[in-house]
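Chemist: Give me a model of this one.
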Amino acid sequence: MASSVLLSHPLSSQLHLPKRKLLSPNRSRFPCFYLKTADQCKSFNARLPNRPAKLKNFVLHVAKTDVEGREGSQLVGEDSAVFELSKQKISSWVYFTGILGVVLYVLNVVWIDNSTGFGKVFIDALSSVSDSPEVVMLLLTLIFAIVHSGLASLRDTGEKLIGERAFRVLFAGVSLPLAVSTVVYFINHRYDGVQLWQLQGVPGLHELLWVSNFISFFFLYPSTFNLLEVAAVDKPKMHLWETGIMRITRHPQMVGQVMWCLAHTIWIGNSVTVAASVGLIAHHLFGVWNGDRRLAIRYGEAFEAVKNRTSVIPFAAILDGRQKLPDDYFKEFLRFPYLSITALTLGAYFAHPLMQAGSSGLHCEPYALGCCIEAEGREHFIRPWLTATKTCFYRGQDGACVHCLPSCRWMLQVAHNAHKYRQTSNVAPIAPKCHGTNIEILVLPLLTPVAESSPHVYCTRLNDILRG
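Modeler: Numbering: from 1, shown residues only. Modelled structure (predicted):
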């Protein structure tokens, strides 16, 4: 466009510029953002030393307009979430499945299993620093953030020394156990601390927060754009994504984490959840700065072009006109990775009982035994009862205090779910027996109109069942 306007201008005959450079047939091969700012146009402007100022300004204005117009449609970064079935190799996904199985097995033996792993030792060491679960939660988040962001910052150097795949294995091998401990500690202690507000009874709040939490997962996991790279089956790369969720925000993980934290903090409303949210959000805000810094080093002007037409704050670039959404923008979400996120998010929601039960097997602590009772506003009835019995929650057949009986601990969650969902078949596998008694027999007394109408009766019955 700029070239055609120049040739038709009455003063164009005075321009003694090489036509090939002005009318390059391969112009599309050069980055369209080279003439985007006045500073970047200095070299071009210097080639018109004896031309009228108005003409020079006219040339630059037309060039900039053409470039900026094309930037709205021409991608500089990568098209995200592309998944072509024809390009997939069965062998790659077989390797991925095998690697995932090995990683989970090693993680369980080395870290999760209390009899062989170091996870409990790690948690106990941090717990010895302070009796406050808020402090321990912040320490866990801080340690994870330092390791995770620190290794990410050393990625370029590490990949040069040991290679992309080896560095990815090192990165995941150190970060994953710390992430597991942080998540599990939060699950086990999310009802500790000081209750700051109680909003579970507000009509429609649960549904609103559920939708917010569901949407957050579309922001949280851009890594699902290429799972084979996550597992180092394909050579890991640092990508400059530009489409899909990236058009809304350049840092979707930060936005998703903020949404997730706000939803859980509003619902639970205590000091431990606030501490966890503050730590996680602070870590991701640092990640915004660090991520931009690393991408600028790796991609230079290409990243600057993407940065100029995207935003950190969701929808900001769209609202101020820097980001032009294509007419068929919705099609950028109709791709396998986004569909996978939808399925996994729904699965994670319905698997919450299993996640809570599984967390009870790691870092076993008596006070965490009652933490699985939630929803329907019952925790404020149960809290005093738990506080009074936490030091001797379970007793064995000989009357001695038993601090870690996973089957009975799981029973607490099973009883709650059976009461809430009126189902025993779906949750029975969590703890098929407690003290040798079938789970259905133990749960049935809870499913009564009296227990449903009175949380006090519910707690009393649960107390009697668990204590035998």
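
Chemist: the domain parsing of this protein - what is it?
Modeler: The record, using automatic domain parsing to delimit domains, assigns the chain the ranges 2-71, 91-350, 380-467.

Chemist: where are the low-confidence patches of the stretch 251-400 of the chain?
Modeler: Counting by pLDDT under 70, the stretch 251-400 of the chain contains low-confidence residues at 352-400.

Chemist: swap in the stretch 51-200 of the chain?
Modeler: Along the stretch 51-200 of the chain, segments meeting pLDDT under 70 span 51-73.

Chemist: Helices of that one, start to end?
Modeler: 53-71, 90-107, 119-127, 133-153, 155-162, 164-189 (DSSP state H, counting those that start in this stretch).

Chemist: Dump these into JSON lines; add mean neighbour count and distance to residue 261 as well.
Modeler: (C-beta placed from N, C-alpha, C; glycine too.) What follows is the helices of the stretch 51-200 of the chain, written out as JSON lines (neighbours: other CB atoms under 10 Å; distance: least, CB to CB, whole Å):
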{"stretch": "helix 53-71", "mean neighbour count": "16", "distance to residue 261": "34"}
{"stretch": "helix 90-107", "mean neighbour count": "13", "distance to residue 261": "25"}
{"stretch": "helix 119-127", "mean neighbour count": "16", "distance to residue 261": "21"}
{"stretch": "helix 133-153", "mean neighbour count": "18", "distance to residue 261": "11"}
{"stretch": "helix 155-162", "mean neighbour count": "14", "distance to residue 261": "26"}
{"stretch": "helix 164-189", "mean neighbour count": "19", "distance to residue 261": "11"}
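
Chemist: now these in CSV, with distance to residue 214?
Modeler: As requested, these are arranged in CSV below (distance: least, CB to CB, whole Å):
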stretch, distance to residue 214
helix 53-71, 33
helix 90-107, 25
helix 119-127, 30
helix 133-153, 24
helix 155-162, 31
helix 164-189, 18
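
Chemist: looking at those helices, which is closest to residue 289?
Modeler: With respect to residue 289, and counting by CB to CB, the nearest of those is helix 133-153 at 10.1 Å.

Chemist: Compute the inter-axis angle for the closest one and helix 164-189.
Modeler: Computed with axes from the mean of the first three to the mean of the last three CA atoms, to 10 degrees, the direction of helix 133-153 lies at 170 degrees from that of helix 164-189.

Chemist: can you state the direction angle for helix 133-153 and helix 155-162?
Modeler: Interaxial angle, helix 133-153 versus helix 155-162 (the same axes, to 10 degrees): 60 degrees.

Chemist: What helices and strands are in contact with helix 133-153?
Modeler: Helices and strands touching helix 133-153, as assessed by 3 or more CB pairs under 8 Å, 6 or more residues apart in numbering; DSSP states H and E, comprise helix 119-127, helix 164-189, helix 271-299.

Chemist: what residues are up against residue 255?
Modeler: Contacts for residue 255 were tallied using CB atoms under 8 Å, 6 or more residues apart in numbering; they are 216, 219, 249, 314.

Chemist: could you dump those residues to TSV with distance to residue 267?
Modeler: Formatted as TSV, the entries for these read as follows, by distance: CB to CB, whole Å:
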residue	distance to residue 267
216	13
219	19
249	24
314	22
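
Chemist: And those residues, which is closest to residue 87?
Modeler: The shortest separation between residue 87 and any of these is 26.4 Å, and it belongs to residue 219 (by CB to CB).

Chemist: if you skip the residues just before and after it, what's nearest to that closest one?
Modeler: residue 256 (3.0 Å; CB to CB, 6 or more residues apart in numbering).

Chemist: what's the answer for residue 144, then?
Modeler: Counting by CB to CB, 6+ apart, the nearest residue to residue 144 once its immediate chain neighbours are dropped is residue 178, at 4.5 Å.

Chemist: returning to that earlier point: residue 232: which of the helices and strands packed on helix 133-153 is closest?
Modeler: Of all the helices and strands packed on helix 133-153, the one in closest proximity to residue 232, counting by CB to CB, is helix 164-189 (4.3 Å).

Chemist: quick one, the very next helix or strand once past that closest one and helix 271-299 angle?
Modeler: The helix or strand immediately downstream of helix 164-189 is helix 205-220, counting by DSSP states H and E. Relative orientation of helix 205-220 versus helix 271-299 (the same axes, to 10 degrees): 20 degrees.

Chemist: pretty sure the residue nearest to residue 144 contacts residue 147?
Modeler: Yes: Residue 178 is in contact with residue 147 according to CB atoms under 8 Å; the separation is 5.9 Å.

Chemist: Buried residues in stretch 273-286, which are they?
Modeler: Residues 273, 274, 275, 276, 277, 278, 279, 280, 281, 283, 284 are the ones in stretch 273-286 that count as buried (16 or more other CB atoms under 10 Å).

Chemist: what sits against the residue nearest to the third one when sequence neighbours are not counted?
Modeler: Translated: residue 275. Across the structure, with CB to CB, 6+ apart as the measure, the residue nearest residue 275 apart from its sequence neighbours is residue 134 (4.0 Å). Under the criterion of CB under 8 Å, 6+ apart, the contact list for residue 134 reads 193, 271, 272, 274, 275.
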